[in-house]
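K.L.:
Need coordinates for the below:
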Amino acid sequence: MMHKFLLTRRSMLYSLVGMLLTAMLTLWGCGGSGSGGSGSYKNPVDNAKITTTVTKSGNALVDADELKQWYDEGKVNAPFGNIDRVVILHLGTNAAAPNYASGHIPGAQLIAGGSGAFMDNARAEGPFNTTGAMVCTGKTIDALIQAAGIDGNTTIVLTTDTTSTINMTRAYATLRYWGFAKNRIKVLQGGNAAWIAAGYELTKAVPQITTSAYSVAPGNTTRINTDMRVSLSEMITYVKGIADGNADNVTIVDNIRPATHITNTTDLIDPGNTVMEGAIKGSYRYPYGDFVTTGLYFKDADTIKAELSTTEAFDKSPMTDAKRDATKVFITQCRAGNAASVGYFALDGIAYYNSPNVSVKWYDGSYGQWNLLVSKDKTGVSGTNAGGQLAVGSIWDTTLLMDNLTYTVDKSPAVAVVNYSNRVITPEPSFAAGNQIEVEDRAYRSAPASSGGGGGGGGGGSGC
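P.N.:
Okay, the predicted model is just below:
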């Protein structure tokens, strides 16, 4: 009996030793210094002087002085494993990107397509099999963040040398949608111009980046933040709720509407104008250019909130402090989601950055999608068919959810109305089946990262 007991104890000891060795080998494979790749998890103090925490901030802005401090501390493109590592994305405007080549912030990486790198023109949503300028796919965003060496410990700084806030804010909104916390995304206040104004030098040196295997959808999970994005079916539901008394205290902020409060737009995909013009019912006009003072310098939270109160509905009535303060959900929208991303950033990243009671959302479909939601039987004032392509009685028809509704066929001089019949799904889906983008994105799964040189830190793929 004693012999049998000793054998059992010995067997248990061997098992424990084996488990310990396996764990050690696993850790070495996922992050051993011998790999030299993005899975190399070294003590942060071995690689950089960590004196500040980059995520601690009162908003999603970073100024040039603080960014320079991060650079001097070795945080920019620091080795994987640094808890405060920083990646700077320089949002350009074209593939040639001559401005980046002539000089950029040290360590900054070029995203040549600018805001275009974060959108997709071939996504189905609602009754349309193709919708322009929508949020990009998981495959697209994974390729971008992995090439930039972004992992779970990375704070992303967005900057540009253009005059467009959209280059930075479209990236901000897209990263928020794909699960990045707002304290891990910063916009450089003033862009590259602020860096130069502070007396800091640019460089022509292109940084050498170790790619990561960090993913927005590791293993069988996804980090997608669908709550911040308003799908078409959700937008229709929100606007109907506003029209019915707004019990949920939702406020729509229109970042593109002109002073006439009638927004016309060309189609985002094919030649021609959208079918109708006007203003989404219950929305307030706050042009995206008004969120900045000069250049790319954003206004502070108090100023933005004060200006919200003075924004106008279609009938010129102001929002007022009372309505602003009663709002529980702000939704920003525009023509193609771009100007709306500026409004989204200003509200989500500045004005209501730490608000526990206010939710900020982004309708990336905007008028480029909304103004096509017209059924085939609608006509202009002269009796001319308006050019709508939805089924008669379609649940997706939004003509009753417009203020200042004007059909494009009534314009003088006349303009062409887009024929988008080939983009309408037949039969049209129900609301339950019409949120194709978010269904697809929730289902997106990346290939698991190998354990040897690619496991991005902070929850990267394959459990490493």
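
K.L.:
Skipping adjacent residues, who's closest to the residue positioned nearest the centre of the chain in space?
P.N.:
Centroid check for the chain by CA atoms, centre = their mean gives Thr174 as the closest residue, at 1.7 Å. Excluding the flanking residues, the one nearest Thr174 by CB to CB, 6 or more residues apart in numbering is Phe118, at 4.0 Å. (Each C-beta comes from the backbone N, C-alpha and C, glycine too.)

K.L.:
just to revisit the earlier point, next, the residue nearest to the centre of the chain: secondary structure please.
P.N.:
Under DSSP: H, G, I helix; E, B strand; the rest coil, the three-state class of Thr174 is helix.

K.L.:
now Thr332
P.N.:
With three-state DSSP as the basis, the three-state label of Thr332 is strand.

K.L.:
what do you get for Ala194?
P.N.:
helix.

K.L.:
Skipping adjacent residues, who's closest to Asn77 in space?
P.N.:
In space, Asn77 is closest to Gly107, 5.1 Å off (CB to CB, 6+ apart).

K.L.:
what number of residues lie near Gly107?
P.N.:
Applying other CB atoms under 10 Å, we find 22 residues neighbouring Gly107.

K.L.:
wait, I meant Asp377
P.N.:
By other CB under 10 Å, neighbour count at Asp377 equals 14.

K.L.:
For stretch 300-316, give me every contacting residue.
P.N.:
By CB atoms under 8 Å, 6 or more residues apart in numbering, the residues outside stretch 300-316 that reach it are 59, 253, 261, 278-279, 282-286, 290-291, 299, 318-321, 323-324, 346-347, 350-353, 403-404.

K.L.:
Local confidence estimate at the residue nearest to the centre of the chain?
P.N.:
Listed pLDDT for Thr174 reads 98.

K.L.:
my guess is it contacts Ile141, does it?
P.N.:
Yes: look at Thr174 against Ile141 with CB atoms under 8 Å: they come within range, at 6.7 Å.

K.L.:
which neighbours do these two share?
P.N.:
Residues touching both Thr174 and Ile141 (CB under 8 Å, 6+ apart): Phe118.

K.L.:
so how many other residues sit close to the closest residue to Thr140 other than its chain neighbours?
P.N.:
Spatial nearest neighbour of Thr140, excluding adjacent residues (CB to CB, 6+ apart): Asp120 at 6.8 Å. Neighbourhood size, Asp120 [other CB under 10 Å]: 16.

K.L.:
List phi and psi for Asp120.
P.N.:
Main-chain dihedrals, Asp120, degrees, to the nearest 10: phi -140, psi 140.

K.L.:
which residues sit in contact with it?
P.N.:
Contacts for Asp120 (CB under 8 Å, 6+ apart) come out as 133-137, 140.

K.L.:
Test my guess that Gly241 contacts Asn249.
P.N.:
No: here Gly241 does not reach Asn249: they are 9.8 Å apart, not a contact under CB under 8 Å.

K.L.:
Domain parsing of the protein, as residue ranges.
P.N.:
Per automatic domain parsing, the domain ranges recorded for the chain read 44-223, 228-436.

K.L.:
Of the ones you listed, which is nearest Tyr444?
P.N.:
Of all the domains of the chain, domain 44-223 sits nearest to Tyr444, with 3.5 Å by CB to CB.

K.L.:
next one: that closest one to chain centre, how far?
P.N.:
Distance of domain 44-223 from its chain centroid, counting by CA atoms, centre = their mean, to the nearest Å, is 12 Å.
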